[in-house]
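Student: build me a structure from this.
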Amino acid sequence: MFIVIVGGGKIGYYLVKSLLPYNHKIVVFDPIVETCHKIANELNIPVINGDGTDIGKLKQIGLSNADIFIAVTGKDQDNLIACQLAKKNFGVRRTIARVNNPKNITVFERLGVDIAVSSTSIITDLIEQEVDDFGFKVIMKLKRGKIVLLEIDIKSNHAMCGKLLKDIKLPEGCVFISIIRDNEIIIPNGNTMIKSEDCIIASTSKEKQGKVREFFLKNMK
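Tutor: Purely as a prediction, here's the structure:
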């Protein structure tokens, strides 16, 4: 693939090192001359001295033929503008931007960036994937994090034990997808009884995830 990376700092540098073994064609942009020389000499790839928003230089490298455009500078606004130029002016199929402020992820996506990546959000997700003291765990996020799949361990002291699913008023937007019991998978219906040691796989929205967790905690006896 033809990959263009804007930003030759630590992230850009190690990203290039990780991609080189796969024989991709890679071009890097960076506004600092010393950084350009370092990457060009050490990694032996084309490096352009610029900020990634110079249309003339983007044409020069044939950006319209690029498969992926990645902006990983330390400034959110620069990453956003660069990705927008690549998408709208050159028709690059896939744009990826580093987002330093996690609150900007939604804004980036609304403004056309295909993938907005925040290291803060990644660390947060890793923490969520750890089972807490109440057996509540995020196992997957879909649709760019809008849909959350949960793994919920039902302990013997949970108020749901011994109840039929139809008699349990679940939080709005929470759906039980399956129940793992004694290494068997059960597709639940209204007449399914919840038992101690059940492992429930449920789905909800990102916005309602907190309320779902609160519901299960409140029902601990």
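Student: now the element after the helix or strand of the chain with the lowest mean pLDDT, going C-ward?
Tutor: When the helices and strands of the chain are scored by mean pLDDT, DSSP states H and E, helix 119-128 comes last with a mean of 60. For helix 119-128, the following helix or strand on the C-terminal side (DSSP states H and E) is strand 136-142.
Student: quick one: list the elements packing against that next one.
Tutor: For strand 136-142, the packing partners by 3 or more Cβ pairs under 8 Å, 6 or more residues apart in numbering; DSSP states H and E come out as helix 119-128, strand 147-153, helix 209-218. From N, CA and C alone the C-beta is placed, and that goes for glycine too.
Student: ok, 6 Å please
Tutor: Judged by 3 or more Cβ pairs under 6 Å, 6 or more residues apart in numbering; DSSP states H and E, strand 136-142 is in contact with strand 147-153.
Student: ok, the strand it packs on: who's next to it in the sheet?
Tutor: Partners of strand 147-153 in the sheet, by DSSP bridges, are strand 136-142 (antiparallel), strand 199-205 (antiparallel).
Student: which residues are contacting the last one?
Tutor: Read that as strand 199-205. Residues outside strand 199-205 that contact it (Cβ atoms under 6 Å, 6 or more residues apart in numbering): 148-150, 152-153, 173-180, 212.
Student: how does it look with 7 Å?
Tutor: Contact with strand 199-205 is made by 146-154, 173-180, 212, as judged by Cβ atoms under 7 Å, 6 or more residues apart in numbering.
Student: using PDB, write out every CA atom in it.
Tutor: The C-alpha coordinates for strand 199-205 follow below in PDB (Å, rounded to 0.1, in the frame of the first residue of the first chain):
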ATOM      1  CA  CYS A 199     -22.100 -15.400  32.500                       C
ATOM      2  CA  ILE A 200     -24.300 -13.000  30.600                       C
ATOM      3  CA  ILE A 201     -23.300 -11.400  27.300                       C
ATOM      4  CA  ALA A 202     -25.300  -8.200  26.900                       C
ATOM      5  CA  SER A 203     -25.300  -5.200  24.600                       C
ATOM      6  CA  THR A 204     -26.100  -1.600  25.200                       C
ATOM      7  CA  SER A 205     -25.100   1.800  23.900                       C
END
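Student: what angle do that strand and helix 209-218 make?
Tutor: Between strand 199-205 and helix 209-218, the angle comes out at 140 degrees (axes from the mean of the first three to the mean of the last three Cα atoms, to 10 degrees).
Student: residue contacts, the spatially most distant residue from the centre of the chain?
Tutor: Largest separation from the mean C-alpha position in the chain: G162, at 37.4 Å (Cα atoms, centre = their mean). By Cβ under 7 Å, 6+ apart, G162 lies in contact with M193.
Student: same question for N65.
Tutor: Contacts of N65 (Cβ under 7 Å, 6+ apart): F2.
Student: quick check: it vs R93, distance?
Tutor: As defined by Cβ to Cβ, to the nearest Å, N65 lies at a distance of 11 Å from R93.
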